[in-house]
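**Q** this one's structure only:
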């Protein structure tokens with residue numbers, strides 16, 4: 001680096017241009033990394049070269065994996081909530097605390113994997129993650145139940161699909 005001679009007396013430093021030889025760089029990136037959203041089946045998601053140029057079938061498998069991870073994240077959120085309620089208001093035992101911690105760690109790990117997949121900047125992966133979270137919420141955490149689960153037994157909701165009335169009154 002050399003001191004700039006701008007005459008202003010500020011002593012600004014100028015940077016030398018980068019070296020032309022790339023052999024000095026220990027990690028050479030092969031391929032292209034997108035920094036804006038794009039649409040296409042030649043994405044790299046979570047692992048180097050996967051699905052890459054392996055075709056539309058592997059890309060669809062990748063989308064299904066992201067969708068399943070996102071849905072499972074929502075299901076683990078429900079499991080975590082139910083385990084916490086099961087403990088009641090008193091002190092939790094060491095085994096129930098360990099189980100709750102393990103479920104939370106698994107949920108956070110899957111959430112981070114979904115986030116890293118979305119960071120591939122592929123629109124299909126983004127849509128699969130959003131659809132997976134929506135599907136997981138619908139199946140695990142919404143109050144919508146199938147006809148068999150709705151039944152006429154105890155706890156059955158008189159409202160369609162188990163959705164409570166909007167005025168806040170309870171049945």
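**A** Everything's here; your move. All values derive from a computational prediction rather than experimental measurement.
**Q** all contacts plus neighbour counts: C-alpha atoms, from now on.
**A** OK.
**Q** quick check: next helix or strand after the stretch of helix or strand residue 100 belongs to?
**A** Element membership for residue 100 (DSSP states H and E) is helix 94-118. Proceeding N to C from helix 94-118, the next assigned helix or strand is helix 123-136, under DSSP H and E.
**Q** determine the longest helix present in the chain.
**A** Identified as the longest helix of the chain according to DSSP state H is helix 56-86.
**Q** what angle do it and helix 94-118 make?
**A** If you take axes from the mean of the first three to the mean of the last three CA atoms, to 10 degrees, helix 56-86 sits at 150 degrees to helix 94-118.
**Q** can you name every helix or strand that helix 56-86 contacts?
**A** Secondary-structure packing of helix 56-86 (3 or more CA pairs under 8 Å, 6 or more residues apart in numbering; DSSP states H and E): helix 94-118, helix 123-136.
**Q** hey, which of those is tucked in deepest?
**A** Comparing the helices and strands packed on helix 56-86 by mean neighbour count (mean count of other CA atoms under 10 Å), helix 123-136 ranks first with a mean of 21.
**Q** hey, what's the angle from that helix to helix 56-86? Just curious.
**A** Relative orientation of helix 123-136 versus helix 56-86 (the same axes, to 10 degrees): 30 degrees.
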